[in-house]
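A.B. asks: Sequence and computational prediction follow.
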Amino acid sequence: MKVKISLACFFIVLAFLFIHIDPSIGNETSLTLIYTSNNLGEVEPCGTCPDGGDNGGLPRRSHYLKTVKEEVKNLLILDAGDALVVSYFSEPRGREQARRRAEFVLKLYETLGYHALNIGDTDLGLGVGYLKDLQKKSTIPFLSANLKEKKTGKHVFKPYIIKEVGGIKIGILGLVTADISPPIQKELKDYFIDNPVKAAAETVQRLKSSCDHLIVLAHLTPPEIEILVRDVQPISIVIGGNDRSFVFPKQISRSLYVQADAFGIHVGRLNLNLLKGSYEFADVLSARLIQKKIEEIQEKIEDPKHAKDLQGLKELQSILIEQKKKIPRSDGKNTYENYLTLMHPGMKADLDIQRKIDASRDLLKRILP
């Protein structure tokens, strides 16, 4: 009996040791983050949009997202604002048509699998009351940490959500610019836009003890974003969008700032490896591309048919190896690879999404503002 008890204790201790042998287990995870902004109610390529050409369209985006879902385990799909409408419509007929179009766009976003949608300033032109009704019918949470009721000071929509991905908790909050155009400002009779930096600071203070990383969907002006990342920490990732242009990834303070352009022409993708307790980021895309080139050259060096180019290949490989050595090390940092994928005419399209659009042509007719 004593022998059996001793053996049982031995295996329990052994199991305990194995469970705790690697303290990093659960402290890091890979995540693919898809980000868009300023879709502005477009469902198909917008030939009249600036720099649009025949690029864009939700059928292409849907097919692209399906391929990403097949590739990766952990995925977040987020929109930084102004997904629903192109402009402010003051006339009742134009507004009603814009609202019907916005409802259709939102249904397509649900089908595409979006996890959260930030409310942008142009979205507010649809009417806050209408947006509240739309939220009740939608499976996608609308976010806004600084859109509030005048009477109560309460948030109109959820200020944030928390998603757990691979053992890491990620807080996602939304902000809308305080720089609202006068026509839309008049529509906010019972509501107000709180200072986005103040609202962010309050929300981050609430979230930072329970979340490992924070993502801000920041439909803010560039100066507002600069102040946000300077004055509010820790914020891991800021996804912008108010000025409707794409931004190559850059680190401001300790935050990584990215942004896609308007009308769905590009879809942003961040391949991330996130660590608990780390707030620094390192871009590993360059190192990966250089390493790939080094390996391709090595294959040619080993291939007899490239024997006459051997010296040149070895010299080029040596140059690339030296370049790779100069790239800062990423030890102890969160790492990322960023891609802006053009939704071009050569891409495949999701035929189910296209059929839904084709069946709703009358609904999608647009009255110019």
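C.D. replies: All right, it came through fine. Numbers count the residues shown, from 1 in each chain.
A.B. asks: how is this structure carved up into domains?
C.D. replies: 28-283+330-364, 285-326 (automatic domain parsing).
A.B. asks: What average pLDDT does the shortest one get?
C.D. replies: Right, the one you point to is domain 285-326. Domain 285-326 shows a mean pLDDT of 75 in the predicted model.
A.B. asks: deepest of the domains of the chain, which one?
C.D. replies: Each of those was scored by mean neighbour count; the highest is domain 28-283+330-364, a mean of 19, by mean count of other C-beta atoms under 10 Å. No exception for glycine: its C-beta is placed from N, CA and C like everyone else's.
A.B. asks: Mean pLDDT lowest where, among the domains of the chain?
C.D. replies: Lowest mean pLDDT within the domains of the chain: domain 285-326, a mean of 75.
A.B. asks: any chance you could map the helices in the protein?
C.D. replies: 2-19, 58-71, 92-112, 128-137, 182-187, 196-207, 222-231, 285-301, 310-326, 351-358, 361-364 (DSSP state H).
A.B. asks: Please identify which of those helices is closest to Ile119.
C.D. replies: Proximity to Ile119 (C-beta to C-beta) singles out helix 128-137 among the helices of the chain, at 6.7 Å.
A.B. asks: Tabulate the helices of the chain (CSV), appending distance to Leu256.
C.D. replies: Below are these laid out as CSV (distance: least, C-beta to C-beta, whole Å):
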stretch, distance to Leu256
helix 2-19, 33
helix 58-71, 19
helix 92-112, 24
helix 128-137, 29
helix 182-187, 30
helix 196-207, 16
helix 222-231, 9
helix 285-301, 13
helix 310-326, 21
helix 351-358, 31
helix 361-364, 36
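A.B. asks: Looking at those helices, which is nearest to Asn39?
C.D. replies: Closest to Asn39 of the helices of the chain is helix 92-112 (C-beta to C-beta; 7.2 Å).
A.B. asks: Could you list the residues in contact with the closest one?
C.D. replies: For helix 92-112, contacts defined as C-beta atoms under 8 Å, 6 or more residues apart in numbering pick out 39, 41, 43, 58, 61-62, 65, 77, 79, 83-86, 89, 117, 123, 126-127, 130, 134, 137-140, 352-353, 356-357, 360, 363-367, 369.
A.B. asks: repeat for stretch 351-368
C.D. replies: 41, 43-44, 58-59, 62, 86, 89, 93-94, 97-98, 100-101, 104, 108, 111-112.
A.B. asks: try 6 Å this time
C.D. replies: For stretch 351-368, contacts defined as C-beta atoms under 6 Å, 6 or more residues apart in numbering pick out 43, 58-59, 62, 94, 97, 100-101, 104.
A.B. asks: now stretch 266-280
C.D. replies: Here stretch 266-280 makes contact (C-beta under 6 Å, 6+ apart) with 27-36, 61, 168, 212-213, 234, 246, 254, 258, 260, 333-342.
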